[in-house]
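Novice: quick one, structure for this:
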Amino acid sequence: MGTWRNGRGRLTVAGQDAPVEVELEIAASYGTRRRGLLGRTGIDGALLITPCNSVHTFRMGFTIDVAYLDRSLKVVQVHTLKPGRLHLPRLRARHVLEAEAGAMERWGLRPGTRVSVDVPQPG
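Specialist: Numbers count the residues shown, from 1 in each chain. From the prediction side, this is the model:
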């Protein structure tokens, strides 16, 4: 994908049995990337933050799963972060995917998994 924009889309996780589709929010502007999931009590689906290679959970109200993705949307690492934590930058990461704790395991998201993002075209 070329230029990312704030909005909604669909994340597809290439699973072993069948692909898993997840509602997706995209945070691409400075303000939406900075805000992330702050002030929320949960999320349905996932949030893609781009470009991004590090996150924190200071002032977060819930535990999240974090997947670091490379340029080709392949998962580099997956972690669960409790509120008040900071992760150091992942050098190979270009995007970060966030979801409620436990979601990524249910989706089969692990290092090496490739995901795709479908964004509706305007008009």
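
Novice: from Gly39, how far off is the closest residue to Thr41 other than its chain neighbours?
Specialist: Nearest residue to Thr41, sequence neighbours excluded (Cβ to Cβ, 6 or more residues apart in numbering): Gly61, at 5.4 Å. Yep, even glycine has a C-beta here, placed from its N, CA and C like the rest. Plainly put, Gly61 is 8 Å away from Gly39 if you go by Cβ to Cβ, to the nearest Å.

Novice: then Gly15?
Specialist: Between Gly15 and Gly39 the distance is 32 Å, computed by Cβ to Cβ.

Novice: those two: which is more packed in?
Specialist: Between Gly15 and Gly39, Gly15 has the larger neighbour count (other Cβ atoms under 10 Å), namely 12 against 9.

Novice: got phi/psi on Arg33?
Specialist: Torsion angles at Arg33 (phi, psi; degrees, to the nearest 10) stand at phi -70, psi -40.

Novice: touching, it and Cys52? I think so.
Specialist: Yes - the criterion here is Cβ atoms under 8 Å, and Arg33 meets it with Cys52 at 6.2 Å.

Novice: picking up where we left off before, which element is the residue nearest to Thr41 on?
Specialist: Per DSSP states H and E: Gly61 is located in neither a helix nor a strand.

Novice: pretty sure it is touching Lys82, no?
Specialist: No - look at Gly61 against Lys82 with Cβ under 8 Å: they stay out of range, at 11.1 Å.

Novice: just to revisit the earlier point, of Arg33 and Cys52, who's got more company?
Specialist: Neighbours were counted for Arg33 and for Cys52 using other Cβ under 10 Å; Cys52 has more, 21 against 18.
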